[in-house]
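Undergrad: need a structure here:
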Amino acid sequence: MSIDEIIGNFELLEEWDDRYRYLIELGRTLPPLPDDARNDANKVQGCASQVWLATTIKPDGASGPRLNFEGDSDAHIVRGLIAILFALFSDKGAREILSTDAVALFEKLGLRDHLTPQRSNGFRSMVNRIQRDASAALAALG
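TA: A predicted model of the protein is given here:
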């Protein structure tokens with residue numbers, strides 16, 4: 001599902017109970033994360049729940065590396081947040097990832113006002129991790 005579809009669906013849902021259910025449904029669309037990807041290297045620090053993000057980098061010529069992500073969490077709402085981030089960032093170039101303001105999207109969807117501070121901090125930790133991976137992919141180009 002594209003990020004534009006997710007934003008549109010959020011705008012259609014006026015009640016926060018419906019938005020929470022939608023967020024949980026988004027999380028259910030994530031493919032299962034292989035057990036070997038649930039390791040310390042993929043664990044996201046700064047999240048109250050368990051979160052793993054695995055990054056795959058593929059070269060894409062002049063436009064630089066493209067990144068794809070797999071992930072999971074032991075919390076349903078967080079899985080939904082991961083699904084939103086993957087819709088925003090997966091299969092994008094590293095430069096585009098670094099120039100995308102995910103926190104602004106988070107606020108546009110109203111998530112900042114309706115999630116606990118721990119979940120908001122966890123969201124930022126996931127964004128920081130994705131952006132660090134994008135920076136590292138660019139740096140590896142030399």
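Undergrad: Which residue is the nearest non-sequential neighbour of residue 120?
TA: Using C-beta to C-beta, 6 or more residues apart in numbering and skipping the chain neighbours, the partner closest in space to residue 120 is residue 112 (5.7 Å). Backbone N, C-alpha and C define where each C-beta goes, glycine included.
Undergrad: Report how many residues lie close to that neighbour.
TA: 14 (other C-beta atoms under 10 Å).
Undergrad: do the same with residue 36
TA: Counted by other C-beta under 10 Å, the residues lying close to residue 36 total 8.
Undergrad: Then residue 110?
TA: Using other C-beta under 10 Å, residue 110 is surrounded by 13 other residues.
Undergrad: Let me see the mean pLDDT of stretch 107-115.
TA: Confidence over stretch 107-115, taken as the mean pLDDT, stands at 89.
Undergrad: how about the one helix or strand residue 103 maps to: buried residues?
TA: Residue 103 belongs to helix 102-108 when elements are defined using DSSP states H and E. Under the neighbour-count criterion of 16 or more other C-beta atoms under 10 Å, helix 102-108 has 102, 105-106 buried.
Undergrad: Tabulate the CA atom coordinates of that helix in PDB.
TA: Provided in PDB are the C-alpha atoms of helix 102-108 (Å, rounded to 0.1, in the frame of the first residue of the first chain):
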ATOM      1  CA  ALA A 102       8.700  11.300   8.500                       C
ATOM      2  CA  VAL A 103       8.000  13.200  11.800                       C
ATOM      3  CA  ALA A 104       6.000  15.800   9.800                       C
ATOM      4  CA  LEU A 105       3.900  12.900   8.400                       C
ATOM      5  CA  PHE A 106       3.500  11.500  11.900                       C
ATOM      6  CA  GLU A 107       2.100  14.800  13.000                       C
ATOM      7  CA  LYS A 108       0.000  15.200   9.900                       C
END
